[in-house]
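Asks: coordinates for the following, if possible.
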Amino acid sequence: MNVKKSSLVGIDVSHETFNAHFSNADYKYKNARIGWQKMVKEAPKNSTYVMESTGYYHYKLASYLHGLGLSVIVLNPYFVHHWIKSTGNKAKTDKRDARDIFSYALNNKNLTRSWEPMSPLLSRARVIVTLLSSFSKLRQSSRNVNHSISLVVGKSDNLLNPMNSVSAFFNEQEKALESELVGIVKNLYSEQYRLLMTIPGLGSKSVSVFLVCCRGFTDFLTYRQLTSYVGLGLKVEDSGTSVRRRQHITKTGNNYLRSLLFMCAMSAMTCCVPCKSLYNRLVSRGKLKELAIVAVMHRLVKISFGVVQSGEPYRGNLLPA
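Replies: Numbering: from 1, shown residues only. Coordinates of the predicted model:
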């Protein structure tokens, strides 16, 4: 992005307010339409507005600016955070964050893609994925509570009933949300959904979450970009003769999606020939089983990208029953 300093606005968004930095000055506004309008009025005309992705707090502001025909760029907080650390800055305030976002955008010439809001259907699907992820954590938490209680009062005590009811409620809600999510994905990404469902080990829920989190794979040119986005890219730490840390995945991206891919990998090892052979080969070489499973997850992502890019269903042979 080759923009002039005078036409750039750095924004740090929080729940009720947001800070902006432009024209060598700092400003603070209410994170509502009245504040958005005031900022646009005070900022230089035809500015490029740059902000971090902050859950859903930034979304309405970015959508408002996009609706006015203004250029909006939403940054990955991971890269901004590490860039700020590289500058040696130790201050952490909303005002300072807006300045740092401004400086990051000013010094990064690779920011060429303007942000666009999601369609209403995709937006709803993303919220459903967030809910499913939260329900999964809460359901596991309720199980953990019951397990600890049962160690004291026994497995048949009525004190376990409240958490059992909570877990049952979450299960019921999850089923309803999963059904709606699959319906939305079939509408948005019907062809990609059909192709991915031909891969052994992948189910309707995992495929739907995969496509929603990765926007139908439309933003990725290579499978390596996709695996990196999912958080399965390898991180290598090797320096001189003293630093030799074991390779590990970056774990960026959506944790819930990776947990689903883990379960898919467990299934694929029994019904997908390439995945089973890869797992057995790595384990026979002495690799840890956990690392072999991650390799299978990586293989599933690669196969998924391949079938979507080719437009052809998966043609690998299933293992005999």
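Asks: so how far does stretch 110-124 reach from one end to the other?
Replies: Its first and final residues considered, stretch 110-124 spans 30 Å by C-alpha to C-alpha, to the nearest Å.
Asks: contacts for that stretch, please.
Replies: By C-beta atoms under 8 Å, 6 or more residues apart in numbering, the residues outside stretch 110-124 that reach it are 1, 50, 59, 62-63, 66, 71-75, 105, 126, 184, 187-188, 212, 215. All C-beta atoms are positioned from the backbone trio N, CA, C, and that covers glycine.
Asks: in helices, which of those residues appear?
Replies: Tyr59, Ala62, Ser63, His66, Ala105, Arg126, Ile184, Asn187, Leu188, Val212 (DSSP state H).
Asks: pull out the buried residues from those.
Replies: Buried residues within those, counting neighbours by 16 or more other C-beta atoms under 10 Å: Tyr59, Ala62, Ser63, His66, Ala105, Arg126, Ile184, Leu188, Val212.
Asks: what are the ranges of the helices in the chain?
Replies: 33-42, 59-67, 77-86, 94-107, 120-153, 161-188, 190-196, 204-213, 223-230, 255-271, 273-284, 289-310.
Asks: so how far is the shortest one from its chain's centroid?
Replies: It stands for helix 190-196. Averaged C-alpha coordinates place helix 190-196 at 20 Å from its chain's average position (C-alpha atoms, centre = their mean, to the nearest Å).
Asks: identify each buried residue in it, please.
Replies: Gln192, Tyr193, Leu195, Leu196.
Asks: and what of stretch 278-290?
Replies: Leu278, Tyr279, Leu282.
Asks: can you put those residues in JSON lines and add pLDDT?
Replies: Compiled in JSON lines, the buried residues of stretch 278-290 are given as follows (pLDDT from 0 to 100):
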{"residue": "Leu278", "pLDDT": "94"}
{"residue": "Tyr279", "pLDDT": "95"}
{"residue": "Leu282", "pLDDT": "94"}
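Asks: before we move on, back to that, most tightly packed of the helices of the chain?
Replies: Burial among the helices of the chain, expressed as mean neighbours by mean count of other C-beta atoms under 10 Å, is greatest for helix 204-213, which shows a mean of 23.
Asks: list the contacts of that one.
Replies: 122, 125-126, 128-129, 132, 178, 181-182, 184-185, 188-189, 192-193, 196-197, 202, 217, 230, 253-254, 256-257, 260-261, 263-264, 304.
Asks: that one versus helix 289-310: what angle between them?
Replies: 70 degrees (axes from the mean of the first three to the mean of the last three C-alpha atoms, to 10 degrees).
Asks: now do helix 204-213, average pLDDT.
Replies: Mean pLDDT, helix 204-213: 96.
Asks: chain center to it: distance?
Replies: On C-alpha atoms, centre = their mean, the centre of helix 204-213 falls 12 Å from that of its chain.
Asks: swap in stretch 218-228?
Replies: Taking mean C-alpha positions (C-alpha atoms, centre = their mean), stretch 218-228 and its chain are 13 Å apart.
Asks: what's next to that stretch, contact-wise?
Replies: Cys214, Phe217, Tyr229, Gly233, Thr250, Thr252, His298, Val301, Lys302, Ser304, Phe305, Gly306.
Asks: looking only at pLDDT, what's the mean for that stretch?
Replies: On average, stretch 218-228 scores 91.
Asks: and that stretch, end to end?
Replies: Start-to-end, stretch 218-228 (C-alpha to C-alpha) is 15 Å.
Asks: where in the stretch 101-250 of the chain is pLDDT low?
Replies: 112, 234-248 (pLDDT under 70).
Asks: can we see that at 80?
Replies: For the stretch 101-250 of the chain, residues meeting the criterion pLDDT under 80 lie at 109-113, 233-250.
Asks: distance check, the closest residue to Gly35 other than its chain neighbours against Met39.
Replies: Excluding the flanking residues, the one nearest Gly35 by C-beta to C-beta, 6 or more residues apart in numbering is Tyr29, at 3.4 Å. Noted for Tyr29: a distance of 5 Å to Met39, by C-beta to C-beta, to the nearest Å.
Asks: okay if I get the buried residues of stretch 278-290 as CSV plus distance to Leu151?
Replies: Shown next, in CSV, are the buried residues of stretch 278-290 (distance: C-beta to C-beta, whole Å):
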residue, distance to Leu151
Leu278, 40
Tyr279, 35
Leu282, 37
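Asks: return the member of those nearest to Ala268.
Replies: Using C-beta to C-beta, Tyr279 comes nearest to Ala268 of those, at 8.7 Å.
Asks: and the furthest pair within the buried residues of helix 190-196?
Replies: Tyr193 and Leu195 (7.4 Å).
Asks: what's the nearest residue to Leu260 if we skip its chain neighbours?
Replies: Nearest one to Leu260, counting by C-beta to C-beta, 6+ apart, is Ser206 at 4.4 Å.
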